[in-house]
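# Below is the sequence, then the predicted model.
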Amino acid sequence: MFHPPKALRWPALLAMSAVVAVLLELAGIPAALLLGPMAAGVVMGVTGNAVTIPKVPYYLAQAVIGCLIASSITVSILTTFLQDWMIYVGIVVIVIAASSALGWLMSRWQVLPGTTAVWGSSPGAATAMMLMAEAFGADARLVAFMQYLRVIFVAVAASMVARFWIGAEGSATAGIVWFPPLDWPAFGTTLGLTVGGAWLGRVLKIPAGPLLLPMGVGIVLHLLGLIHMQLPEWFLAIAYAALGWRIGLGFTPEVMRHAWHALPKIAGSIVALLAFCGGLAALLHVFLGTDPVTAYLATSPGGMDSIAIIAASTKVDLPFVMALQTVRFVIVLVVGPPMARFIATRIGRTKGEPEPALEN
């Protein structure tokens, strides 16, 4: 197996990450800026050429994701939710219950160790679930494998549904401005919330604090109109790369064998969840008159960013889609940790197979 000198490992990782990310972007794969560095990290880790990601950039990257989530929750989405909140909450609870049942079954059958399957089955908030899973002791590498495999499945299925009924031609790369003019007050606010939130989250020793603290503070201040944030694409790309490398470089041949062995069951659980959500969409269409594409995009289990891109390029009820996706995203963030702990107390850890968590 080839082992380049240590001095060349970082350049090799950077080059490989860029190439894979560009190829995924050109293919229209969602979360390419995260998946590219993660895939490059996996190659480096499995081949024994891993490098070390310092902790500070990793915590700052988590805080950037928290700011991104906060900036995506707007007053219009909140207003749309309040108009029919019972419908939104009901659908979200049903989807979460179905995904939790699948996670419980996979944990029960020891497809993956401990509560890893529960975190990996959470419908949405993929990056946040990956970070929170690590903070609560699950294997973030296998959680990432499950979450982003589902993101790809969901994006492909949603694109096919949209094109079949309406003929949408959305692309994940359309309209990206990599280096927009900086709004220094807004960008400065983002930097302050990122650095301050990451630091305070660690000082207070909150699980996944560097993610959750700037996210919570940012949501409140953003909805009140007290702050405006700017997250240019180049800034997000740096954060995505740090997160992707952190997870990917943690893969070892043993972890990869485990993921590959579990792949058929993981793929089967994803297809089952997609089919279940498709049934919910059919019920929305039949009983509420929601058009089929709007209903399907709204109930799709995860990949909020890719769903937003597809919905924006399709003649659907965009506020309805994004309100339901956002409500599920927030509820999953709130319900995820206690749900995982509850299931853990029911089934216990896998005997003789401790969960290999990443270092904090």
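Great, that's in hand. Numbers count the residues shown, from 1 in each chain.
# Can you show me the helices along the stretch 101-250 of the chain?
In the stretch 101-250 of the chain, helices defined by DSSP state H, counting those that start in this stretch lie at 116-121, 126-135, 140-165, 184-203, 209-223, 233-248, listed in chain order.
# Make CSV out of those helices and add mean pLDDT.
Formatted as CSV, the helices of the stretch 101-250 of the chain follow (pLDDT from 0 to 100):
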stretch, mean pLDDT
helix 116-121, 83
helix 126-135, 74
helix 140-165, 78
helix 184-203, 95
helix 209-223, 90
helix 233-248, 90
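# I'd like these as TSV, with distance to Asn49 and mean neighbour count appended.
C-betas here are computed from N, CA, C, even on glycine. TSV is the format used below for the helices of the stretch 101-250 of the chain (distance: least, CB to CB, whole Å; neighbours: other CB atoms under 10 Å):
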stretch	distance to Asn49	mean neighbour count
helix 116-121	25	31
helix 126-135	22	26
helix 140-165	17	22
helix 184-203	28	18
helix 209-223	28	22
helix 233-248	12	22
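# Columns distance to Tyr58 on top of the ones you listed, output as a markdown table?
Below are these laid out as a markdown table (distance: least, CB to CB, whole Å):
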| stretch | distance to Tyr58 |
| --- | --- |
| helix 116-121 | 18 |
| helix 126-135 | 9 |
| helix 140-165 | 11 |
| helix 184-203 | 9 |
| helix 209-223 | 8 |
| helix 233-248 | 5 |
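# Show residues contacting whichever strand or helix holds Ile96.
Taking DSSP states H and E as the definition, Ile96 sits inside helix 85-108. Here helix 85-108 makes contact (CB atoms under 8 Å, 6 or more residues apart in numbering) with 81, 112, 114-123, 265-266, 269, 272-273, 276-277, 280, 284, 288, 298-299, 301, 323-324, 327-328, 331-332, 335, 339, 343, 346-347.
# Tell me the buried residues within those.
81, 112, 114-123, 266, 269, 273, 276-277, 280, 284, 298-299, 301, 323-324, 327-328, 331-332, 335, 339, 343, 347 (16 or more other CB atoms under 10 Å).
# So for Thr294, what's the nearest residue that isn't a sequence neighbour?
Nearest residue to Thr294 in three dimensions, chain neighbours excluded: Val316, at 4.2 Å (CB to CB, 6 or more residues apart in numbering).
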